[in-house]
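coordinates only, sequence not included:
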């Protein structure tokens with residue numbers, strides 16, 4: 001049995017996350033915050049655009065922990081113990097290298113005919129192409145199904161001159177009598 005929805009993306013966070021599902025006719029976002037799940041359904045025929053861009057806060061994710069662990073490591077190296085300093089400096093270098101390898105975080109906006117919603121579609125920009133390709137194929141398939149073949153229109157017939165005749169004289173049914181004359185005192 002084929003499943004109606006298939007998961008295409010998951011974006012996690014500290015307080016919850018968003019899971020994205022795709023079906024034949026819609027894109028479904030299940031946004032979880034603590035113990036509450038909010039569902040948003042975007043019909044594929046109504047999608048106008050999905051825009052994904054790198055987050056400006058990505059550098060803060062890269063620099064702030066790197067600087068904090070690096071400063072802690074350098075101070076531990078100098079005043080406490082070289083081994084503890086090496087550990088925290090190693091954590092700082094590993095953090096920066098991992099963030100560089102994973103790439104920038106992403107933000108996204110989904111625009112439909114009725115609304116524009118900012119929801120995270122992917123966590124990192126390196127996964128955008130794969131997710132958008134899946135959505136694009138589903139959109140194309142749904143729009144190909146909904147487009148009806150044009151109904152053949154009969155060829156236009158040449159105009160025929162109409163002859164106006166007295167309809168009462170040529171009609172096979174007798175004319176309707178005036179009701180006010182038949183009702184009497």
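Here it is on my side, so go on. All of these numbers come straight from a predicted model, not from anything done at the bench.

hey, what's the residue nearest the centre of the chain bridged with?
By CA atoms, centre = their mean, the chain has its centre lying nearest to residue 110, at 4.7 Å. Beta bridges link residue 110 to residue 50, residue 117 when assigned by DSSP bridges.

surely residue 28 touches residue 9?
No: counting by CB atoms under 8 Å, residue 28 does not reach residue 9; the two are 11.2 Å apart. Any C-beta I mention is one placed from the backbone N, CA and C, and that applies to glycine too.

list residues touching both of the two?
Here residue 28 and residue 9 have residue 20 as joint contacts, going by CB atoms under 8 Å, 6 or more residues apart in numbering.

between those two, tell me which one has more neighbours.
Neighbour tally, residue 28 and residue 9, criterion other CB atoms under 10 Å: the higher count belongs to residue 9, 20 against 17.

buried residues of the helix or strand where that one lies, list them for me.
When elements are defined using DSSP states H and E, residue 9 is found to belong to strand 6-12. By 16 or more other CB atoms under 10 Å, the buried positions in strand 6-12 come out as 8, 9, 11.

which of those sits closest to residue 76?
residue 11 (35.0 Å; CB to CB).

report the beta-bridge partners for the closest one.
Here residue 11 sits in beta bridges with residue 18, going by DSSP bridges.

go on, residue 40?
Residue 40 has the following beta-bridge partners by DSSP bridges: residue 29.

surely it and residue 117 touch.
Yes: assessed by CB under 8 Å, residue 40 is found in contact with residue 117 at 6.6 Å.

looking only at neighbour counts, state which of these two leads.
Legend: neighbour count by other CB under 10 Å for residue 40 and residue 117, higher for residue 40 (16 against 12).

ok, and what's touching the host helix or strand of residue 64?
Using DSSP H and E, residue 64 maps to helix 58-79. Outside of helix 58-79, the residues that reach it under the criterion CB under 8 Å, 6+ apart are 84-93, 95-96, 99-100, 104-105.

go again using 6 Å as the cut-off
Under the contact criterion CB atoms under 6 Å, 6 or more residues apart in numbering, helix 58-79 has outside partners 84, 85, 88, 89, 91, 92, 95, 96, 99, 104, 105.

what's the most distant pair in those residues?
84 and 104 (31.8 Å).

these two: which has the busier surroundings?
More crowded of residue 84 and residue 104, by other CB under 10 Å: residue 104, with 19 against 15.

what's the burial count for residue 60?
Look at residue 60: counted by other CB under 10 Å, it has 10 neighbours.

what ranges does the protein have for its strands?
Using DSSP state E, the strands of the chain run over residues 6-12, 16-22, 26-33, 36-43, 47-54, 106-112, 116-118.

how much space separates residue 117 from residue 131?
According to CB to CB, to the nearest Å, residue 117 and residue 131 sit 16 Å apart.

can you list the strands of the chain in CSV and add distance to residue 126?
Converted to CSV, these look like this (distance: least, CB to CB, whole Å):
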stretch, distance to residue 126
strand 6-12, 12
strand 16-22, 16
strand 26-33, 21
strand 36-43, 23
strand 47-54, 10
strand 106-112, 9
strand 116-118, 20
